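In: just the structure for this:
(chains A and B)
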Protein chains: 2
Amino acid sequence: MTTSIEPSHSAETGEDLREQVRAAARRAQAAAGQLALASRAVKDELLHAMAAALVERAPEVLEANLRDVARARENGTPDGLVDRLKLSRERIDGIADGLRTVAGLPDPVGEVVRGNVLPNGLQLQQVRVPLGVVGIVYEGRPNVTVDAAGLTLKSGNAVLLRGSSSAAESNAALVAILSEVLVKHDLPAAAVQLLPSSDRASVQHLITARGLVDIVIPRGGAGLISAVVENATVPTIETGVGNCHVYVDEHADADTALRILLNSKARRPSVCNAAETLLVHQDIAEDFVPRAVAELRAGGIAVHGDEQVVRLGGTGVLEATEQDWDTEYGSLDIAAAVVESLPAAVEHIREHGSGHTEAIVTDNVRSARQFTARVDAAAVMVNASTAFTDGGEFGMGAEIGISTQKLHARGPMALPELTSTKWLVFGDGQVRPAN
Amino acid sequence: MTTSIEPSHSAETGEDLREQVRAAARRAQAAAGQLALASRAVKDELLHAMAAALVERAPEVLEANLRDVARARENGTPDGLVDRLKLSRERIDGIADGLRTVAGLPDPVGEVVRGNVLPNGLQLQQVRVPLGVVGIVYEGRPNVTVDAAGLTLKSGNAVLLRGSSSAAESNAALVAILSEVLVKHDLPAAAVQLLPSSDRASVQHLITARGLVDIVIPRGGAGLISAVVENATVPTIETGVGNCHVYVDEHADADTALRILLNSKARRPSVCNAAETLLVHQDIAEDFVPRAVAELRAGGIAVHGDEQVVRLGGTGVLEATEQDWDTEYGSLDIAAAVVESLPAAVEHIREHGSGHTEAIVTDNVRSARQFTARVDAAAVMVNASTAFTDGGEFGMGAEIGISTQKLHARGPMALPELTSTKWLVFGDGQVRPAN
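Out: Presented below is the predicted three-dimensional model:
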């Protein structure tokens, strides 16, 4: 998706583009200073007004989107990607509803996280504050433009959006509307800025603007995420790669296990919380594997099994290669293996998992405790579908991504995860004694 | 401090050293898996045993330390640095006490940070878990070796220590003792490992061991910190650079302001929470500046003033250059300026501060509220000395550094800051409906 649609940008020298991105970041910094002081009432009113403006001006967004879609088709973009790109009245209504939902969420800014009075009388408070300038690098879904703006504004931050060139016209139309609403509310338009997408180098300039940008969150496929994480000097959050497992313990109820397995795999195979591998305890494998294979195949799912799954599952099972254990299919495929014990399942997950979501199905308390203690992942499910790892499902109201790293935020990221903290210390003239 | 004391290392090829560091990191990963499951009782007993062993075997530590000190003197190391390097019976007792203090702190692992039951009956818990493998890069203070080991072990992590070559023998003696105690408690010696310090490249190998090391924390001067932060691919925490300000508001009580100013500057001028710049509101400058200059100078502190401070403070005031506003003196020097308003003070701090600690002295509630809301720093003091920004003073029992960044941790870092979280979801077979 390097197609240039903005010849003026691609004609620029690299230095100009770098300066353009840094100038946008400096404007964002100034805007962030204002946003940080905005009251909850002002921010919520802003988001409601943005929702209303998007619905009212849907025709101009749809017109811009039609041009993006036509260009994508001309370029031979696969139907799945064109579908992600496409907007409709309903989708715009959904995007506007998302803004209203965020407006209804509590304001994280100012929340007192910890606090106490020290022996010397100093009153200590750790309070949430905005991060400052948030960069989002994403692919062809124009809804991310508005979702990300809503969450970052509500948490008192300014946002630099670096979307895909394939959605450039849609994104520009959306940001134009958001900017106008900002200005109408006496807030700086620079709080939401779209960076040029015609040249890949703008990503590089964004992720290396250390000191100007406080955090960069990549949203998209594994390639995008690793490119951002590996080349950034700005702190980043690794998101969304999910090689998730469902482990069916020897003490599992088979019907529960099948229901969870099917839902984890097939509900939406392309999303990061979908299961990619089934692990079955050997003591129940004789019974469970044939049933699981039959149900998976009935659901149109191809099973890539290890030797035992092939033996127990019959002729329809494909032979798994070493690579299958590490693959995030994102499709109606699943790898399946028989393991000799719970620790062996944990070890398989340690070796092949991506730290996103891991599930155990069991009726045994010891198994549940062992699995939850030993598996190192953003989310560990006991008798529940992997599909629940989601900001909305967790009751956060929305999400800006699912962190699979351990620093700062892990799992679904919503408003509190877009904040930092500061310590406030109130005294009456206290000084610290010499030791 | 690149003096080689271990010829076997310096004779190795770069590739060997890289592999050596990575092998240590892999051993640390395996050790971290065991540490993560250790109970609080086991960890506390371990730390007490380490404290006892250090005291008992102090002679061998002191002997190794004497060799480090002698070598430093031969190399012409300045007295201040030799003093940091030097151990004594008393210092070892103090180090052992530090371990006992950490043993007495609550275990952060397993703490439930958030939790609730979702409408569908799923029980959601966000619990603290260890980060995994923590790397510490530090300078010539051998006490850091034990302090860092105590905090990382208590929080269930393994630690890779990369100290200064100047303290190589002291560090080796300390780590040998800690390792033996680990093994005696059936815990892996690899939970505390000292990396070779004879070659600077080992730092580079540590901070680029992405996937093997979960976090690197640099402790030391600005040069060390920026070298680590800028070259790391492993997530890092920026610590300790402190260009701190004391702003004396027009509504300040002058005596309180002077006491806080003197303590902030002179208690220990070399530490990062010491004040480096005084800002005075113009409406009280005529009275306050002459008194402040007199008291500062009486305390042996050189004042680098702007035009007005020079005018009001008399002949003893040095003329400040642009550079003074950005300097972390770490010495008995202070920059001083008159500002026309509180917003001007905030703007000066935004431009020149390092986001560590900023103080206002005022009796006016509006000024206090404005300053705390607008100043973006890890700690903001109202009528208290900047010297209070410290894990011990904040009641955390200890600290592994003071973060001046916004991600993950900000301000003094102790046990909870050395953890991540994971989401545990307990169900009875719940699956997620198709949208």
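
In: does the residue in the stretch 151-300 of chain A that chain B sits nearest to sit in a helix or strand, and which one?
Out: Nearest residue of the stretch 151-300 of chain A to chain B (C-beta to the nearest C-beta) works out as A:N263 at 3.6 Å. In this view, the C-beta of every residue, glycine as well, is placed from N, C-alpha and C. In this assignment (DSSP states H and E), A:N263 forms part of helix A:254-266.

In: can you list contacts of that helix?
Out: A:244, A:246, A:248, A:273-276, A:278, A:284, A:287-288, A:291-292, A:295-296, A:299-301, A:332, A:334, A:359, A:361, A:383-387, B:428-429, B:431-432 (C-beta atoms under 8 Å, 6 or more residues apart in numbering or on different chains).

In: from those, which land in helices?
Out: Residues of these located in helices (DSSP state H): A:284, A:287-288, A:291-292, A:295-296.

In: tabulate the residues you listed in a markdown table, adding columns for pLDDT.
Out: Below are those laid out as a markdown table (pLDDT from 0 to 100):
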| residue | pLDDT |
| --- | --- |
| A:I284 | 98 |
| A:D287 | 97 |
| A:F288 | 98 |
| A:R291 | 97 |
| A:A292 | 98 |
| A:E295 | 97 |
| A:L296 | 97 |
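
In: between those, which is closest to B:T101?
Out: The closest of these to B:T101 turns out to be A:I284 (C-beta to C-beta; 49.5 Å).

In: which neighbours does the top strand by length along chain A have in its sheet, and in what orientation?
Out: Longest strand in chain A, counting residues (DSSP state E): strand A:419-430. Here strand A:419-430 has these sheet partners by DSSP bridges: strand A:123-130 (antiparallel), strand B:379-384 (parallel).

In: list the buried ones in that strand?
Out: For strand A:419-430, the neighbour count (16 or more other C-beta atoms under 10 Å in any protein chain shown) marks A:419-427, A:429-430 as buried.

In: quick one, which of the strands paired with strand A:419-430 gets closest to B:D83.
Out: Between B:D83 and the strands paired with strand A:419-430, the shortest gap by C-beta to C-beta is with strand B:379-384, which sits at 27.8 Å.

In: what residues does that closest one touch?
Out: A:122, A:422-431, B:256, B:260, B:356-362, B:368, B:371-372, B:386, B:388-389, B:411.

In: can you check stretch A:102-115 too?
Out: A:36, A:40, A:43-44, A:47-48, A:51, A:123-130, A:150-151, A:154-156, A:396-398, A:414-416, A:418-419, A:421.

In: let's go with 6 Å and repeat that
Out: With contact meaning C-beta atoms under 6 Å, 6 or more residues apart in numbering or on different chains, stretch A:102-115 is reached by A:40, A:44, A:47-48, A:125-128, A:150-151, A:154-156, A:397-398, A:415-416, A:419, A:421.

In: how does chain A divide into domains?
Out: The record's domain split for chain A, according to automatic domain parsing, is A:7-238+A:414-421, A:244-388.

In: the stretch 151-300 of chain A against chain B: which residues are in contact?
Out: When proximity is defined as C-beta under 6 Å from any C-beta of the partner chain, the stretch 151-300 of chain A approaches chain B at A:214, A:235, A:256, A:259, A:263, A:267.

In: give me the nearest residue to the fifth one, chain neighbours excluded.
Out: It refers to A:N263. B:V431 (3.6 Å; C-beta to C-beta, 6 or more residues apart in numbering or on different chains).

In: now check the helix or strand harbouring A:V55, is it near chain B?
Out: A:V55 is part of helix A:40-56, with elements assigned from DSSP H and E. No - taking C-beta under 6 Å from any C-beta as the criterion, helix A:40-56 and chain B are apart, separated by no less than 13.9 Å.

In: now for that helix, which elements pack on it?
Out: Applying 3 or more C-beta pairs under 6 Å, 6 or more residues apart in numbering or on different chains; DSSP states H and E, one finds that helix A:40-56 makes contact with helix A:89-104, helix A:168-184.

In: the longest helix anywhere in chain A vs chain B: in contact?
Out: Longest helix of chain A, by residue count under DSSP H: helix A:14-35. No - using C-beta under 6 Å from any C-beta, helix A:14-35 stays clear of chain B, coming no nearer than 7.8 Å.

In: in that helix, which residues are buried?
Out: By neighbour count on 16+ other C-beta under 10 Å, the buried set for helix A:14-35 is A:17-18, A:20-22, A:24-25, A:27-29, A:31-33, A:35.

In: CA atoms only: put it into CSV for me.
Out: The C-alpha trace of helix A:14-35 is given here as CSV (Å, rounded to 0.1, in the frame of the first residue of the first chain):
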residue,chain,number,x,y,z
GLY,A,14,13.0,13.2,3.0
GLU,A,15,14.2,16.1,5.2
ASP,A,16,11.0,18.1,4.4
LEU,A,17,8.8,15.1,5.4
ARG,A,18,10.7,14.7,8.7
GLU,A,19,10.3,18.3,9.5
GLN,A,20,6.7,18.2,8.6
VAL,A,21,6.1,15.3,11.0
ARG,A,22,8.1,17.0,13.8
ALA,A,23,6.3,20.2,13.3
ALA,A,24,3.0,18.3,13.7
ALA,A,25,4.3,16.7,16.8
ARG,A,26,5.3,20.1,18.3
ARG,A,27,1.8,21.5,17.5
ALA,A,28,0.4,18.3,19.2
GLN,A,29,2.6,19.0,22.3
ALA,A,30,1.2,22.5,22.6
ALA,A,31,-2.3,21.1,22.1
ALA,A,32,-1.8,18.4,24.7
GLY,A,33,-1.0,21.0,27.3
GLN,A,34,-4.4,22.5,26.8
LEU,A,35,-6.2,19.1,26.6
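
In: pLDDT of that helix, averaged?
Out: Regarding helix A:14-35, the rounded mean pLDDT is 94.

In: coming back round to it: tell me which two of the buried residues of strand A:419-430 sit farthest apart.
Out: Across those (C-beta to C-beta), the longest gap, 30.9 Å, separates A:T419 and A:G429.

In: pull the number of nearby residues for A:V365.
Out: Residues near A:V365, counting by other C-beta atoms under 10 Å in any protein chain shown, number 10.

In: hang on, isn't A:A49 packed against A:E180?
Out: No - using C-beta atoms under 6 Å, A:A49 is not in contact with A:E180; the gap is 9.7 Å.

In: okay, the two: which has more neighbours?
Out: Neighbour comparison, A:A49 and A:E180: the larger count goes to A:A49, with 18 against 15 (by other C-beta under 10 Å).

In: with adjacent residues omitted, what lies nearest to the more buried one?
Out: Among residues not flanking A:A49 along the chain, A:V181 sits closest, at 5.0 Å (C-beta to C-beta, 6+ apart).
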